[in-house]
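Novice: Provide a 3D model corresponding to the input given below.
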Amino acid sequence: MKRTENRKWGRMIFGALVGGLSAFISIWAMSAMIAALYQSGWSVGELARQYLQATGISGSSHTLVEYYTHIKGIEYLICVVFFIAFPAFYTYINREEQQRQSRNPS
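Specialist: Numbers count the residues shown, from 1 in each chain. I've put the predicted structure just below:
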């Protein structure tokens, strides 16, 4: 009985730590977004343009090789997302009947 009680407290402490960290990151992100909007004159479009230029997404390509390299990098990112998402989706779809019924008792 003591071991299950310790696990319960451990889960509660872990949940509180994750919740606190999430709250801290959320507050930090919102303050950074508000500061960036203030700096750009409260214009969301101008903020988006500055972000896209700073990250190199909307910069002008001077040669075909630069354009091709940019497109190839985006293609690789899409492939990585697919290679991570597809196996998770496949295992979710093909799980056993008992697991489906135990999670959804309707």
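Novice: CA only for contacts and neighbour counts going forward, please
Specialist: Fine.
Novice: so what's the residue count around residue 48?
Specialist: 13 (other CA atoms under 10 Å).
Novice: oh, I was asking about residue 56
Specialist: Residue 56, neighbours per other CA under 10 Å, totals 12.
Novice: chain center to the stretch of helix or strand residue 89 belongs to: distance?
Specialist: Using DSSP states H and E, residue 89 maps to helix 64-93. Going by CA atoms, centre = their mean, to the nearest Å, the spacing between the C-alpha centre of helix 64-93 and its chain's C-alpha centre is 15 Å.
Novice: ok, the spatially most central residue of the chain - contacts?
Specialist: The centroid of the chain falls nearest to residue 81 when counting by CA atoms, centre = their mean (11.2 Å). Not one residue lies near residue 81 by CA atoms under 8 Å, 6 or more residues apart in numbering.
Novice: how close does it sit to residue 58?
Specialist: Residue 81 sits 22 Å away from residue 58, taking CA to CA, to the nearest Å as the criterion.
Novice: residue 52 now?
Specialist: Counting by CA to CA, the separation of residue 52 from residue 58 is 5 Å.
Novice: for residue 78, same thing?
Specialist: Distance from residue 78 to residue 58, by CA to CA: 18 Å.
Novice: enumerate the positions of the longest helix belonging to the chain that are buried.
Specialist: Ordering each helix of the chain by length in residues (DSSP state H) puts helix 2-39 first. For helix 2-39, the buried set under the neighbour-count rule, 16 or more other CA atoms under 10 Å, comprises residue 37.
Novice: so how far is it off the chain centroid?
Specialist: On CA atoms, centre = their mean, the centre of helix 2-39 falls 16 Å from that of its chain.
Novice: my read: residue 47 touches residue 36, true?
Specialist: Yes - between residue 47 and residue 36 there is a contact under CA atoms under 8 Å: 7.1 Å.
Novice: residues in contact with stretch 69-80?
Specialist: Under CA under 8 Å, 6+ apart, the answer for stretch 69-80 is an empty list.
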